[in-house]
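Novice: A predicted structure for the sequence below; I have some questions about it.
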Amino acid sequence: MTTPSSVPHRPRRRLQLIAAMAVAAVALSTGPVPGAAVAAAAPALVPSPAITVPPAGTHGFPFLAEAENLAAAGYTESEYFLSGVASSYVGLGVLGPSGRWPVAVAGRAAYRTRMLVRRPADPARFNGTVVVEWLNVSGQVDLSPDYWFAHDELLRAGYAWVGVSAQKVGVDGGIGDLPGLRQWDPARYATLSHPGDQFSYDIFSQAGQALRTPDGPNPLAGLDIRTVLADGESQSALRMTTYVNAVHPVAQVYDGFLIHSNSALAAPIDARGLGMPPAVRIRTDLQQPTFVVLTETDVVGHAPARQPDTATVHTWELAGTAHGDQWALDLGDPTLRRSLGSQTPAPDCPAGSAPPNDGPGHYGVAAALAHLTTWAQGGQAPPAASPVTVLGGVVIRDATTGLARGGLRLPDVTVPTRTLSGLRAIGGGPFCGLYGAHDPWNADADGWDRHDAGDPSDPVAPVSPEPDLTALYPTHARYVAAVRAAADAAVAAGYLLPPDAAQIVATAQASPIGG
């Protein structure tokens with residue numbers, strides 16, 4: 001693993017602000033900006049919104065408040081309201097696949113939203129990096145999938161985490177019966193106001209700015225910030241793609257970007273949603289780095305936008321992982337049930353089908369976060385990794401194991417005991433397919449082991465029995481030794497963090513596998 005650079009952040013930030021003040025006036029238009037206003041694409045000083053503390057409300061805790069005992073982990077959790085005037089943007093000219101999208105300010109509107117903050121209680125434990133997650137609203141409520149994926153690394157390494165309700169659905173509610181913040185607790189959230197998702201990008205910029213130059217109570221209680229990273233998963237990753245390509249060059253608030261589980265698409269810039277290309281790459285002309293992390297579920301949809309690694313853009317494709325998985329479900333479910341009770345969303349997969357993927361996605365995200373932190377601080381870029389093998393719009397799989405070929409392969413895949421897939425047969429609720437599947441190798445004893453599309457280990461003809469674990473690993477000692485060797489190799493390659501390698505080996509030692 002690389003060592004974080006000692007290059008200080010603050011001088012660079014001051015230079016950005018000095019440069020921004022020279023052109024700030026072009027970002028303050030109250031109406032449509034003519035297409036000729038190219039100067040509007042220059043860096044503009046992002047205002048710092050007013051910060052207030054919300055009332056206790058009916059529930060007495062914020063929506064999405066953590067169910068685990070954060071105090072036992074040495075962390076605190078707080079919520080803050082942000083209010084100000086946000087800008088919307090419009091693209092200038094044709095928005096091409098390179099992602100180099102100039103924009104101009106289209107309008108302004110007042111807003112009030114919230115941020116949820118988890119930080120080390122002891123300032124000495126803070127590692128200097130804040131991860132700001134664009135809360136995901138695909139399920140029509142605020143969700144924090146990357147907090148759950150990166151949970152262990154965030155808490156053990158001393159990060160601060162901030163979740164931002166950047167989109168209107170999270171505040172006002174969307175399709176179905178799930179409540180937005182205002183409906184969930186009117187006594188707490190009635191004063192929130194969101195003018196529409198075309199303003200979400202500037203709201204997200206202002207949230208980052210609020211952490212650097214707080215106007216009101218300090219959400220990070222004076223912690224010495226070195227690096228502020230922006231993060232989004234799934235639908236939020238599509239918005240993060242647009243943010244990096246169109247808005248970051250204007251805002252210059254964040255030091256790096258983690259884009260997790262996006263596709264070839266990007267979210268619209270304006271309210272009309274017109275003129276977006278069918279496939280877009282991450283622009284490569286920025287100073288701040290972007291790390292794209294894809295699960296096996298995502299690679300087919302992302303394939304039209306694949307791009308080679310550059311000095312500021314890297315991509316990992318994680319074999320044997322899923323867009324959502326059992327790890328995220330297990331971590332997120334108690335928190336969601338605390339807020340939503342019986343309304344808590346679930347994958348809603350068919351009864352008797354293979355269970356969700358329980359693979360190494362969280363290990364990959366943890367390593368990516370550590371690399372991005374180092375990279376954003378002036379250190380080495382992440383190591384390169386092979387892509388998952390895709391042919392004709394299909395992930396190519398090993399006929400014996402059902403595992404995807406290619407990709408970044410962690411010990412669960414290199415020393416396999418089950419089929420881990422990012423895909424599953426169609427069926428169940430609209431989100432079921434995002435959770436992939438895992439299929440234990442137990443001589444085809446499971447109900448889904450029918451050698452058809454619902455069988456992760458053998459989805460297509462010809463019929464192939466599951467691998468024999470006793471033949472693969474004649475003794476328990478040989479199995480543990482193989483896992484340890486694979487974990488050590490992944491650490492040496494930079495694909496796995498040492499504490500996660502230790503956990504993987506301990507799990508292998510406690511298992512009955514071998515002989």
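Specialist: Good, I have the coordinates.
Novice: Give me the distance between the nearest residue in space to Arg125 that is not next to it in sequence and Tyr473.
Specialist: Spatial nearest neighbour of Arg125, chain neighbours left out: Gly158 (4.5 Å); criterion: CB to CB, 6 or more residues apart in numbering. Using the backbone N, CA and C atoms, a C-beta is placed for each residue, glycine as well. Distance check for Gly158 against Tyr473: by CB to CB, to the nearest Å, it reads 37 Å.
Novice: show me what contacts the residue nearest to Arg125?
Specialist: Residues in contact with Gly158, defined by CB atoms under 8 Å, 6 or more residues apart in numbering, are Pro120, Arg125, Phe126, Asn127.
Novice: and the residue lying closest to Val137 once chain neighbours are set aside, how many neighbours?
Specialist: Counting by CB to CB, 6+ apart, Val137 lies nearest to Val169, which is 4.2 Å off, once chain neighbours are set aside. Neighbour count of Val169, defined by other CB atoms under 10 Å: 21.
Novice: For the strand or helix carrying Val169, the averaged confidence score.
Specialist: Using DSSP states H and E, Val169 sits within helix 168-172. Taken as a whole, helix 168-172 has an average pLDDT of 97.
Novice: again with stretch 362-380
Specialist: Here the average pLDDT along stretch 362-380 is 98.
Novice: in it, what's buried?
Specialist: Under the neighbour-count criterion of 16 or more other CB atoms under 10 Å, stretch 362-380 has 362-377 buried.
Novice: OK, contacts around the residue nearest to Val137?
Specialist: So Val169 contacts Val137, Gln140, Val141, Gly180 (CB under 8 Å, 6+ apart).
Novice: Report the separation between Gly173 and Pro219.
Specialist: For Gly173, the distance to Pro219 - CB to CB - is 25 Å.
Novice: More neighbours: the two, which one.
Specialist: For Gly173 versus Pro219, neighbours defined as other CB under 10 Å are more numerous around Pro219 (23 against 19).
Novice: Three-state assignment for the more buried one, please.
Specialist: coil (DSSP: H, G, I helix; E, B strand; the rest coil).
Novice: in the stretch 351-500 of the chain, which spans are helices?
Specialist: 361-376, 411-414, 469-472, 476-493, 498-510 (DSSP state H, counting those that start in this stretch).
Novice: For Trp184, which of those is the nearest?
Specialist: Relative to Trp184, the nearest member of the helices of the stretch 351-500 of the chain by CB to CB is helix 361-376, separated by 27.8 Å.
Novice: what's the angle from that closest one to helix 498-510?
Specialist: Per axes from the mean of the first three to the mean of the last three CA atoms, to 10 degrees, the angle that helix 361-376 makes with helix 498-510 is 160 degrees.
Novice: Now do helix 361-376: which elements does it pack against?
Specialist: Contacts defined by 3 or more CB pairs under 8 Å, 6 or more residues apart in numbering; DSSP states H and E place helix 361-376 against helix 145-149, helix 151-157, strand 227-233, strand 256-260, strand 290-295, strand 313-318, helix 326-340, helix 498-510.
Novice: and the first one, what other elements does it pack with?
Specialist: Here helix 145-149 is seen to pack against strand 129-134, strand 227-233, strand 256-260, helix 326-340, helix 361-376 when contacts are counted using 3+ CB pairs under 8 Å, 6+ apart.
Novice: got the CA positions of the longest one in PDB?
Specialist: Written as PDB, here are the backbone C-alpha positions of helix 361-376 (Å, rounded to 0.1, in the frame of the first residue of the first chain):
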ATOM      1  CA  GLY A 361     -17.500  -6.100  -3.000                       C
ATOM      2  CA  HIS A 362     -17.000  -4.300   0.300                       C
ATOM      3  CA  TYR A 363     -13.300  -5.300   0.400                       C
ATOM      4  CA  GLY A 364     -12.800  -3.800  -3.100                       C
ATOM      5  CA  VAL A 365     -14.600  -0.600  -2.100                       C
ATOM      6  CA  ALA A 366     -12.500  -0.300   1.100                       C
ATOM      7  CA  ALA A 367      -9.200  -0.700  -0.800                       C
ATOM      8  CA  ALA A 368     -10.400   1.800  -3.500                       C
ATOM      9  CA  LEU A 369     -11.200   4.400  -0.800                       C
ATOM     10  CA  ALA A 370      -7.800   4.000   0.800                       C
ATOM     11  CA  HIS A 371      -6.100   4.400  -2.700                       C
ATOM     12  CA  LEU A 372      -8.300   7.400  -3.600                       C
ATOM     13  CA  THR A 373      -7.300   9.200  -0.400                       C
ATOM     14  CA  THR A 374      -3.600   8.700  -1.000                       C
ATOM     15  CA  TRP A 375      -4.000   9.700  -4.700                       C
ATOM     16  CA  ALA A 376      -6.000  12.800  -3.900                       C
END
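Novice: now it: how far from the chain's centre is it?
Specialist: 11 Å (CA atoms, centre = their mean, to the nearest Å).
Novice: for the first one, same thing?
Specialist: Between the mean C-alpha location of strand 129-134 and the chain-wide mean there is a distance of 10 Å, by CA atoms, centre = their mean.
Novice: ok, now the third one?
Specialist: The chain centre lies 7 Å from the centre of strand 256-260; the measure is CA atoms, centre = their mean.
Novice: got the contacts of Val169 as CSV, with neighbour count and secondary structure columns?
Specialist: Below are the contacts of Val169 laid out as CSV (neighbours: other CB atoms under 10 Å; DSSP: H, G, I helix; E, B strand; the rest coil):
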residue, neighbour count, secondary structure
Val137, 26, coil
Gln140, 17, coil
Val141, 26, coil
Gly180, 22, coil
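Novice: could you measure Gly273 against Pro102, distance?
Specialist: The value you get for Gly273 to Pro102, if CB to CB is used, is 18 Å.
Novice: higher neighbour count, those two?
Specialist: Neighbours were counted for Gly273 and for Pro102 using other CB under 10 Å; Pro102 has more, 18 against 11.
Novice: so the more buried one touches Leu95, yeah?
Specialist: No - taking contacts as CB atoms under 8 Å, Pro102 lies outside contact range of Leu95: 9.2 Å.
Novice: show me where pLDDT drops low in this structure?
Specialist: 1-44 (pLDDT under 70).
Novice: returning to that earlier point: got the helices and strands packed on helix 145-149 as JSON lines, with distance to Phe81 columns?
Specialist: Listed next are the helices and strands packed on helix 145-149 as JSON lines, based on distance: least, CB to CB, whole Å:
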{"stretch": "strand 129-134", "distance to Phe81": "16"}
{"stretch": "strand 227-233", "distance to Phe81": "20"}
{"stretch": "strand 256-260", "distance to Phe81": "25"}
{"stretch": "helix 326-340", "distance to Phe81": "18"}
{"stretch": "helix 361-376", "distance to Phe81": "27"}
